[in-house]
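Participant: give me coordinates for this.
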Amino acid sequence: MTRHFLRVPTATEPPLTGHLPFSDAPGAADRIEVTNRFFTRGGRPWFPVSGEFHYTRYPAGEWEEELLKMKAAGVTAVASYLIWIHHEEIEGRVRFDGDRDLRRFAELCARHGLDFIPRIGPWSHAEVRGGGLPDWLLARTGAPRTDDPAYLEPVRGWFTAIAEQLKGLDRAHGGPIVAIQIENELYDRPGHLLTLKRMAEEAGLSAPLWTSTAWGGVQLPPDELLPLYGGYTETFWTEWDGGWSDTCRKHFFFTHQRDDEGIGADLRPTHVRGGEPASTDRFPWATCELGGGMAVAYHRRPRVDGADIGALGLTKIGCGSVWQGYYMFHGGTNPAGELTTLQESHATGYPNDLPVLTYDFQAPLGEYGQYRPSYDELRLQHLLLADFGEGIAPMESALPARQPTGQDDRETLRWAVRGDGDSGFLFVNNHQPHEPLPDHPDTSFTVEFPDAPELTLPSVPVTIPQGAYFCWPLRLDVAGLRLDWATAQPVCTVDVGGRTVLVLAATDGIPVELALDIGTLRYVHTPMGQVVSADGRFLVTGLRPGTDALVEVGTVDGGQVGLLVLDAATARTAYRGVAWGAERLILCGAGDGVVFDEPAGEVRVHSAAAKTSFAVLPSPERPPGENLAVSSDGVFTRYTLPTGSHRGTLDVSLVRAAGPAPDTVTGVLGRASAPADTYFDTSAAEYLIDVPDELPRTGTLLRIHWTGDVARAQVGDTLVADQFFAGRVWELGLDRLPDDALRAGGGLRVRVLPFAADAPVHLPVTVPVGEAGITRVEWVTVRTHVFGG
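Facilitator: Numbers count the residues shown, from 1 in each chain. Predicted coordinates:
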């Protein structure tokens, strides 16, 4: 048996307050403040979750539903770069219309109770042409991103335009803006950062928090900007043959190191740093770029999976993060430029060639709003933070004495505890990409608290399976019941008939054990398994996780508590929100999604299933819609709506076979460049996809199975989508295609270039050299079912 030991240190001094010059608007009802360890809002610890969504990369008519998807995932704040070149590609013509309507986007955030974080630049990066700086600006100054007057004058105009759009949306007027980021990845010019902050304030922008990215040993003006950190599971910006970067590998270990010198290393080599890492004793550990996915460049095309993203996020909470910020949470598409294409490229001196249009980023919500497995993984964690983040935020992270000896150590179990004097949460990560971690048999943990007896759990050692990552509660108070431990992760609580029900998620391969403090309860009823008394606790074992695994407990104060343990797969279908007059838990089908539109009084279910089905706890007084079949599903009530099949295949015709693969050309840093446009006329295989008129446009995705190097889809002469091959099915939203041109042009034309032999390109799969083709095209329609809330 391997017993892992950790001592939670005695509480440090009370957190520093009032030591930083950040201030909320006078009279704000839920005043935001910063200590050196965590944030507070309305006088209580606050654990924000932010997700990046670029409004200029998504159709304005769909913003609201996508914001609701983000909110349903537990995102509390939406961050967005304000990409200058998207708004002012032509000097003097600043556009805030249509998909560029910044004010409407911010107002939609406010309408649905989401905070807003504008990242105002002026340089953003964001894999955009010129980092977001317009060509006309770069032609005017040889010293961008400095205090050169020729640079600052147009920046002042840009900030003034932003301030006019956001007027009245600050906290002083009850608006959603809680933070503003200055610049991005500028590591060695603190004076310029301070100049930009002062200019933004002079323009009329205000927020309780002013932030800056802090990786790469950034030098910040002292106490003026809150340092924000990041961490990615993969990189597109490193060399094609460099393997899995150590700067990514380290994020799957529990550590108290905040800095990541690898982010932005394409523009700042890892051996070049701004200075020593920012002080960690004055600022809380906050993040803005935990990788929600990863872009692909021509020379390097990484693939990330949902478990990679989930393990990264949970590990950062265990490390001590008190602000989970994801880049990207929602993918998008580059707008069509009026003068040039708008992607980062070798042509503009940047080290990576990106696709012309797609910026899907393999994000939890894709380029067309697709739900990804990472969305479910993160939502599970964010439900935890919504209920228990207030308690977790002040808890400091503690690491065991026996830790991995280095980043190549795959044998030592990775774990940590966030705790206070007598309670906490135990975090384990046994997952990382590329290099699987082994099972850990016969494992138990002993955690010593300064103000309470130590805990040794579980009562019988367990095997920590390969790929598992989880959080277990330690001495968690649940409405008067003390749960000494559970070998299942807390998800959320829900009120069922005046009884608090704690929902937990089991981990595949680990038996569920609940340890209940006898001194806090009167009785225990369990639908299965057994209850034994040991060491002042009732141990509940033998539970089979599922919708019927509800343990009922009476507390000494006369209350009632439920402990509902869902299996791992079902827990990842759980949503919580206000529906039909009360807060409820909804389980949907795998791959489906739920949004709660409180202002409209609606619940909407997105589903491509032949039978749309969802289960509700507590059940409403009457079915939430017509033609619903009603049945019991454990303690839930299940509603099923027969909808018919919404999928099929399309006819594909080969118009022209592929020619020889283009010769490989290298550009900046000697990296492979994307093939020139002319090759699509001479070397590409060309296919015609027949899109029937009767196929629904709204909600329909085309799923193109293909192989090759680069593919482009066109309607007439208009480029509508593109892709670098990385082994994934290419998804394309049918409602983004110009319908009239589609009908007039006879279909969707796709051109595919073959992959060249010995191309210096990293791929996660093997590609047959010289082949370029489409094997089949599927379509699937995601229906939106509306139920009055």
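
Participant: and the nearest residue to residue 134 once chain neighbours are set aside, backbone torsions?
Facilitator: Excluding the flanking residues, the one nearest residue 134 by Cβ to Cβ, 6 or more residues apart in numbering is residue 85, at 4.7 Å. Placement of C-beta: from N, CA and C, glycine included. The phi and psi torsions at residue 85 (degrees, to the nearest 10) take the values phi -70, psi -20.

Participant: need the contact list for residue 85.
Facilitator: For residue 85, the contact set (Cβ atoms under 8 Å, 6 or more residues apart in numbering) comprises 128, 129, 130, 132, 133, 134, 135, 337, 342.

Participant: quick one, what contacts the third one?
Facilitator: Yep, that's residue 130 we're talking about. 85, 138, 348 are the contacts of residue 130 under Cβ under 8 Å, 6+ apart.

Participant: now the residues you listed as a markdown table including distance to residue 288 and pLDDT?
Facilitator: Listed next are the contacts of residue 130 as a markdown table, based on distance: Cβ to Cβ, whole Å; pLDDT from 0 to 100:
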| residue | distance to residue 288 | pLDDT |
| --- | --- | --- |
| 85 | 21 | 98 |
| 138 | 26 | 97 |
| 348 | 25 | 93 |
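
Participant: longest strand in this protein, please.
Facilitator: strand 452-464 (DSSP state E).

Participant: residues of that one that come out buried?
Facilitator: 452, 455, 457, 458, 459, 461, 462, 464 (16 or more other Cβ atoms under 10 Å).

Participant: check stretch 430-450 too.
Facilitator: Per 16+ other Cβ under 10 Å, stretch 430-450 contains these buried residues: 430, 431, 432, 433, 437, 440, 443, 444, 445, 447, 448, 449.

Participant: nearest to residue 651, of those residues?
Facilitator: The closest of those to residue 651 turns out to be residue 433 (Cβ to Cβ; 37.6 Å).

Participant: correct me, but that closest one touches residue 233?
Facilitator: Yes - using Cβ atoms under 8 Å, residue 433 is in contact with residue 233, at 5.9 Å.

Participant: which residues do the two both contact?
Facilitator: 304, 308.

Participant: tell me which helix or strand comes right after the helix or strand of the chain with the lowest mean pLDDT.
Facilitator: Using mean pLDDT, DSSP states H and E, helix 739-745 stands out as the lowest-scoring helix or strand of the chain, at a mean of 81. As assigned by DSSP states H and E, the chain's next helix or strand after helix 739-745 is strand 748-753.

Participant: contacts for stretch 447-458?
Facilitator: 3, 5-11, 417, 419, 421-424, 426, 444-446, 472, 474-475, 484-485, 487, 511, 513, 515.

Participant: start to end distance for it?
Facilitator: 11 Å (Cα to Cα, to the nearest Å).

Participant: and that stretch, how far from the chain's centre?
Facilitator: 33 Å (Cα atoms, centre = their mean, to the nearest Å).

Participant: what mean pLDDT does that stretch have?
Facilitator: Averaged over stretch 447-458, pLDDT sits at 95.

Participant: tell me which of the buried residues of stretch 430-450 is nearest to residue 520?
Facilitator: residue 449 (17.1 Å).

Participant: that closest one and residue 110: what is the separation?
Facilitator: Applying Cβ to Cβ, to the nearest Å, the value for residue 449 to residue 110 is 42 Å.

Participant: for residue 735, same thing?
Facilitator: 27 Å.

Participant: next: residue 246.
Facilitator: Counting by Cβ to Cβ, the gap from residue 246 to residue 110 is 42 Å.

Participant: low-scoring stretches of the chain, by residue?
Facilitator: 1, 269-279, 789 (pLDDT under 70).

Participant: specify the residue ranges that define each domain of it.
Facilitator: 48-389, 407-563, 574-607+611-644, 647-782 (the TED database).

Participant: what would these look like in TSV with distance to residue 34?
Facilitator: Listed next are the domains of the chain as TSV, based on distance: least, Cβ to Cβ, whole Å:
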stretch	distance to residue 34
domain 48-389	7
domain 407-563	19
domain 574-607+611-644	28
domain 647-782	39
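
Participant: highest mean neighbour count out of those?
Facilitator: domain 48-389 (a mean of 21; mean count of other Cβ atoms under 10 Å).

Participant: show me what whichever strand or helix holds residue 317 is packed up against.
Facilitator: For residue 317, the host element (DSSP H and E) is helix 306-319. Packing contacts for helix 306-319, counted by 3 or more Cβ pairs under 8 Å, 6 or more residues apart in numbering; DSSP states H and E, involve strand 286-291, strand 324-327, helix 373-392, strand 415-419, strand 424-429, strand 469-478.

Participant: that one to strand 424-429, inter-axis angle?
Facilitator: 140 degrees (axes from the mean of the first three to the mean of the last three Cα atoms, to 10 degrees).

Participant: any idea of the angle helix 306-319 forms with helix 373-392?
Facilitator: Going by the same axes, to 10 degrees, helix 306-319 makes 10 degrees with helix 373-392.

Participant: which residues in the stretch 51-200 of the chain form helices?
Facilitator: 63-72, 84-87, 102-111, 135-140, 149-165, 190-203 (DSSP state H, counting those that start in this stretch).

Participant: show me what the helix or strand that the last one is followed by pairs with in its sheet, parallel or antiparallel.
Facilitator: Moving toward the C-terminus from helix 190-203, the next helix or strand (DSSP H and E) is strand 209-213. Using DSSP bridges, strand 209-213 pairs in its sheet with strand 179-181 (parallel), strand 226-231 (parallel).

Participant: okay, now the closest residue to residue 781 other than its chain neighbours: neighbour count?
Facilitator: Leaving aside its sequence neighbours, residue 781 sits nearest to residue 646 (Cβ to Cβ, 6+ apart; 3.9 Å). Residue 646 has 18 neighbours, counted by other Cβ atoms under 10 Å.

Participant: run through the residues that contact residue 646.
Facilitator: Residue 646 touches 608, 610, 696, 780, 781, 782, 783, counting by Cβ under 8 Å, 6+ apart.
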